[in-house]
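Participant: next one to model:
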Amino acid sequence: QVQLVESGGGLVQAGGSLRLSCAASGRTFRTNAMGWFRQAPGKEREFVAAISWSDGSSYYSDSVKGRFTISRDNAKNTVYLRMSSLKPEDTAVYYCAASRYSGSRYIDESVYNYWGQGTQVTVSS
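Facilitator: Numbers count the residues shown, from 1 in each chain. The predicted structure is shown next:
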């Protein structure tokens, strides 16, 4: 099993920045990639970004490309999501997820095996 704990959410004004962290523990050697998803009230959960543990290849949704940066610290088994130029529409619960899958379908939440509890991000206008 893999346990994921997110942190770093909060309230920020539009145009501001936040950094989310996701610390992984347990059998992390069985995972190949980490992803961030978000779910706004009344909406489906959507892909935000993903990163490969091995080579750091990263993937972003069009809505956050150029504003968000995903990174990882292999020694700490931690993944970060740096969010800049935040907009009110970025308001959501952000979830960290771990995948045993190796490929290019990281936008698909079905390839993720483990999920964190989520952290709230609220962007005020």
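Participant: from now on I want contacts and neighbour counts done on CA atoms only, so please keep to that.
Facilitator: Will do.
Participant: where does pLDDT dip in the protein?
Facilitator: Applying pLDDT under 70 to the chain picks out no residues at all.
Participant: ok, 90 please
Facilitator: By pLDDT under 90, the weakly predicted segments of the chain are 1, 26-31, 53-56, 102-104.
Participant: excluding chain neighbours, give the residue nearest to the residue nearest to the spatial centre of it in space.
Facilitator: Nearest to the geometric centre of the chain sits W36, at 2.0 Å (CA atoms, centre = their mean). Counting by CA to CA, 6 or more residues apart in numbering, C96 is the residue found nearest to W36 once chain neighbours are left out, at 4.7 Å.
Participant: just say helix, strand or coil for the one you found.
Facilitator: strand (DSSP: H, G, I helix; E, B strand; the rest coil).
Participant: residues near it, how many?
Facilitator: By the criterion of other CA atoms under 10 Å, C96 has 31 neighbours.
Participant: equivalent analysis for R45, please.
Facilitator: 16.
Participant: which residues does the closest residue to Q39 other than its chain neighbours contact?
Facilitator: Computed as CA to CA, 6+ apart, the closest residue to Q39 that is not its neighbour in sequence is R45, at 4.3 Å. Listed by CA atoms under 8 Å, 6 or more residues apart in numbering, the contact partners of R45 are F37, R38, Q39.
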